[in-house]
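*Asks:* here is the input, now give the coordinates:
(chains A and B)
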Amino acid sequence: MQGGDSPSAGRPVIVSVRNVKRIFSIGDEKVVALGGVSLDVYAGEYISIMGPSGSGKSTLFNMIGGLDDPTEGTVMVSGVEMSKLNRRQQARLRCLKIGYIFQTYNLIPVFTALQNVALPMLFAGIPVEEANEKAADLLREVGLGDRLHHRPDELSGGQQQRVAIARAFANDPNIILADEPTGNLDLKTGEEIIGRLSNLSRKRGVTIISATHDHKMLAVSDRVVWIRGGMIERIEERKNLNIKVGSIG
Amino acid sequence: MSADCEEDSSKRGGGAASDIMLQLGDMSRPLPRRTMVGLVVGGLKVRMARSVVTMASVTLATAFLFYTGFTNGLYFRMAEANDPDVNLLLRRAGVSIQATLLGNPMDKWLIGMALLTCAVGIANAMLMSVTERFREIGTMKCLGAEDGLVVKLFLLESAFLGMIGTVFGIILGSLVALSGAWHQFGRYAAEYFPLMESLEMAGWSFAAGIMLSVVGAGYPALVAARMRPVEALRVEE
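*Replies:* Numbering: from 1, shown residues only, chains lettered A, B, ... in the order given. Below is the predicted model of the structure:
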């Protein structure tokens, strides 16, 4: 497979994408966003999907996260084919196994940081007190111990994204999907966010899949998948990346 | 479905599929009431201006509905009395006594119109307040909210708004109707006060206000909840 298994041999595959096509119909016109992509993501790795806008990067990302169904092909997450689950099971899978981080943070504006982080746990059926306790721990871990009861509009962009990171880890997911997590942040804050994300995920063995065009993300990625025109152009291992970054930067 | 999933996963040495299916089978408990109410009341407070406008449209619509019903009832009682003084007042107010007694088609038309205005106004306001928040719905779905929960939250919110709006509407409607009647007919308004009709109309207005709020918000909420999360997230705010 295109995934290549030299560095990750022996590690279980957590996401398996097979011959995925996604075709959008706009009126009579058919737009091919993904033209047959295969990819294996291994448990615990940090993988970045790179590509210019319109390359199919976001579409692939959404497929992996079970946010969208493929027109053809299969996406298996933790050995389960997403499109074969019913709606409740999909919601349940998203709740327990996948954490999401968005470019625009997407915190619930009426909730405090603590409540935002606790919400996915409440969806999972964890009692309120327990959820709040764990949410506070997670927020302390991202350095927001003194901002537990602040609402999103009282937090800076970087702080909001840190709340979002804590929220993504709330239900101890296997996978975290980060869609342009640094897209709305300045260079320094972006670096800090990437650092926190990769530290937390390494510590917990969580797989991170990130769609981005931020080259800062390359340094922490185990592998980088380059997408162009709806196809995987190439996949690079970290050890080959340094040279590449130099030539780009 | 699960059979080939498990087969596939065992090939990859995961064995995680059955594990997940087991966990997925353990259906979530409902969200604690405290959290639901927190989301709803908090949402209304944060979008105060929006909530007031939405509520105002419910209030005005039900006020109009109640006013129309009350006035009709009063005219009917007064016409029924067949008192020359009262008849004179009614004629002066431009009310056709015969038509009122026979059940004026014009009145029915008015009440129908009031109801229609109420329906369109409330449905529109609720529709707007939900479509504004597609992205929030998409986020909640990503965090694992089930479709039913999303719909429930919006129904709760709209029922709450609708209830407050309707109560204000009935108060406003009766204030306007009473002061109008007092001004036109003086003590006769009290003498022929259409108590039963008013109560009945208040009941109808209350039911209509809440039902229309719930239906008006319920439909777009259902549409949003059934969207794929990615579609809901894509909607511009």
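*Asks:* tell me where chain B has helices.
*Replies:* When secondary structure is read from DSSP state H, chain B shows helices at B:2-11, B:16-25, B:33-46, B:48-81, B:84-92, B:97-102, B:105-131, B:134-142, B:147-185, B:187-191, B:195-226, B:229-234.
*Asks:* show residues contacting the fifth one.
*Replies:* Taking contacts as CB atoms under 8 Å, 6 or more residues apart in numbering or on different chains, the residues outside helix B:84-92 that touch it are B:75, B:78-79, B:97, B:100, B:184-185, B:188, B:192. Heads up, the C-betas are built off the backbone N, CA and C, glycines and all.
*Asks:* could you give the angle of that helix to helix B:147-185?
*Replies:* Going by axes from the mean of the first three to the mean of the last three CA atoms, to 10 degrees, helix B:84-92 is angled at 120 degrees with respect to helix B:147-185.
*Asks:* pull helix B:84-92 out as CSV, backbone CA atoms only.
*Replies:* The C-alpha trace of helix B:84-92 is given here as CSV (Å, rounded to 0.1, in the frame of the first residue of the first chain):
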residue,chain,number,x,y,z
PRO,B,84,-81.3,50.1,22.2
ASP,B,85,-78.5,52.1,23.9
VAL,B,86,-76.0,49.3,23.3
ASN,B,87,-77.2,48.9,19.7
LEU,B,88,-76.6,52.5,19.1
LEU,B,89,-73.1,52.3,20.5
LEU,B,90,-72.4,49.2,18.4
ARG,B,91,-73.7,50.9,15.2
ARG,B,92,-71.5,53.9,16.0
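*Asks:* report the buried residues of it.
*Replies:* B:86, B:89-90 (16 or more other CB atoms under 10 Å in any protein chain shown).
*Asks:* most tightly packed of the helices of chain B?
*Replies:* Ranked by mean neighbour count, those are led by helix B:134-142 with a mean of 24 (mean count of other CB atoms under 10 Å in any protein chain shown).
*Asks:* so which elements touch it?
*Replies:* Applying 3 or more CB pairs under 8 Å, 6 or more residues apart in numbering or on different chains; DSSP states H and E, one finds that helix B:134-142 contacts helix A:87-97, helix B:147-185, helix B:195-226, helix B:229-234.
*Asks:* quick one: average pLDDT of the last one?
*Replies:* Helix B:229-234 shows a mean pLDDT of 77.
*Asks:* how about the second one?
*Replies:* The average pLDDT within helix B:147-185 is 89.
*Asks:* that one vs helix B:105-131, what angle?
*Replies:* 140 degrees.
*Asks:* mind giving me the packing neighbours of helix B:147-185?
*Replies:* helix B:33-46, helix B:48-81, helix B:84-92, helix B:105-131, helix B:134-142, helix B:187-191, helix B:195-226.
*Asks:* quick one on the thing from earlier: any idea which of the helices of chain B scores lowest on pLDDT?
*Replies:* Among those, helix B:2-11 carries the lowest mean pLDDT, a mean of 38.
*Asks:* okay, now the unreliable bits of chain A?
*Replies:* A:1-10, A:241-249 (pLDDT under 70).
*Asks:* closest to the centroid, which residue in it?
*Replies:* A:L177 (1.2 Å; CA atoms, centre = their mean).
*Asks:* and it, that one's in a helix?
*Replies:* No: according to DSSP: H, G, I helix; E, B strand; the rest coil, A:L177 belongs to no helix; its state is strand.
*Asks:* can you name the residues that contact it?
*Replies:* The contact partners of A:L177, by CB under 8 Å, 6+ apart, come to A:61, A:64-65, A:98-101, A:209-210.
*Asks:* hang on, A:K134 in a strand?
*Replies:* No: A:K134: not assigned to a strand; according to three-state DSSP it is helix.
*Asks:* tell me how many other residues surround the spatially closest residue to it that is not a sequence neighbour.
*Replies:* In this structure, A:K134 finds its nearest non-sequential neighbour in A:M121, 6.5 Å apart by CB to CB, 6 or more residues apart in numbering or on different chains. Neighbours of A:M121 under the rule other CB atoms under 10 Å in any protein chain shown: 25.
*Asks:* secondary structure element holding A:M121?
*Replies:* In this assignment (DSSP states H and E), A:M121 forms part of helix A:113-123.
*Asks:* again, but for A:R196
*Replies:* helix A:187-204.
*Asks:* what of A:R22?
*Replies:* strand A:13-26.
*Asks:* near chain B, anything from that strand?
*Replies:* Yes: Strand A:13-26 reaches chain B (CB under 8 Å from any CB of the partner chain) through A:13-14, A:16.
*Asks:* so which elements touch that strand?
*Replies:* Against strand A:13-26 (3+ CB pairs under 8 Å, 6+ apart) you get strand A:29-42, helix A:57-64, strand A:72-77, strand A:207-212.
*Asks:* compute the number of surrounding residues for the closest residue to chain B within chain A.
*Replies:* When scored by CB to the nearest CB, chain A has A:C95 as its residue closest to chain B, at 2.3 Å. Residues near A:C95, counting by other CB under 10 Å, number 26.
*Asks:* so how far does stretch A:139-147 reach from one end to the other?
*Replies:* Its start and end residues considered, stretch A:139-147 measures 8 Å (CA to CA, to the nearest Å).
*Asks:* quick one: buried residues of that stretch?
*Replies:* A:139, A:141-142, A:144, A:147.
*Asks:* same list (the residues you listed) but as CSV, adding distance to chain B.
*Replies:* Compiled in CSV, the buried residues of stretch A:139-147 are given as follows (distance: CB to the nearest CB, whole Å):
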residue, distance to chain B
A:L139, 16
A:E141, 19
A:V142, 17
A:L144, 18
A:R147, 18
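*Asks:* and the residue of chain B nearest chain A?
*Replies:* B:G144 (2.3 Å).
*Asks:* got the contact list for the residue nearest the centre of chain B?
*Replies:* Nearest to the mean C-alpha position of chain B, by CA atoms, centre = their mean, lies B:S213 at 1.6 Å. Contacts for B:S213 (CB under 8 Å, 6+ apart) come out as B:58, B:122, B:126, B:158-159, B:161-162, B:165-166.
*Asks:* quick one: the residue lying closest to it once chain neighbours are set aside and B:L172, what's the gap?
*Replies:* Closest residue to B:S213 apart from its sequence neighbours, by CB to CB, 6+ apart: B:G162 at 2.8 Å. The gap separating B:G162 from B:L172 is 15 Å, by CB to CB, to the nearest Å.
*Asks:* so A:V224, which of the three states?
*Replies:* Under three-state DSSP, A:V224 falls in the strand class.
*Asks:* same question, A:T182
*Replies:* Here A:T182 is coil, with the state taken from three-state DSSP.
*Asks:* dump stretch B:103-119 to CSV, restricted to CA.
*Replies:* Output of stretch B:103-119 as CSV, limited to C-alpha atoms (Å, rounded to 0.1, in the frame of the first residue of the first chain):
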residue,chain,number,x,y,z
GLY,B,103,-71.9,34.7,12.9
ASN,B,104,-70.2,37.2,10.7
PRO,B,105,-68.0,35.6,8.1
MET,B,106,-65.9,38.7,8.3
ASP,B,107,-65.0,37.9,11.9
LYS,B,108,-64.1,34.3,11.1
TRP,B,109,-61.9,35.7,8.3
LEU,B,110,-60.2,38.0,10.8
ILE,B,111,-59.5,35.3,13.3
GLY,B,112,-58.2,33.1,10.5
MET,B,113,-55.9,35.9,9.4
ALA,B,114,-54.7,36.5,12.9
LEU,B,115,-53.9,32.8,13.3
LEU,B,116,-52.1,32.8,9.9
THR,B,117,-50.0,35.9,10.9
CYS,B,118,-49.2,34.3,14.1
ALA,B,119,-48.1,31.1,12.4
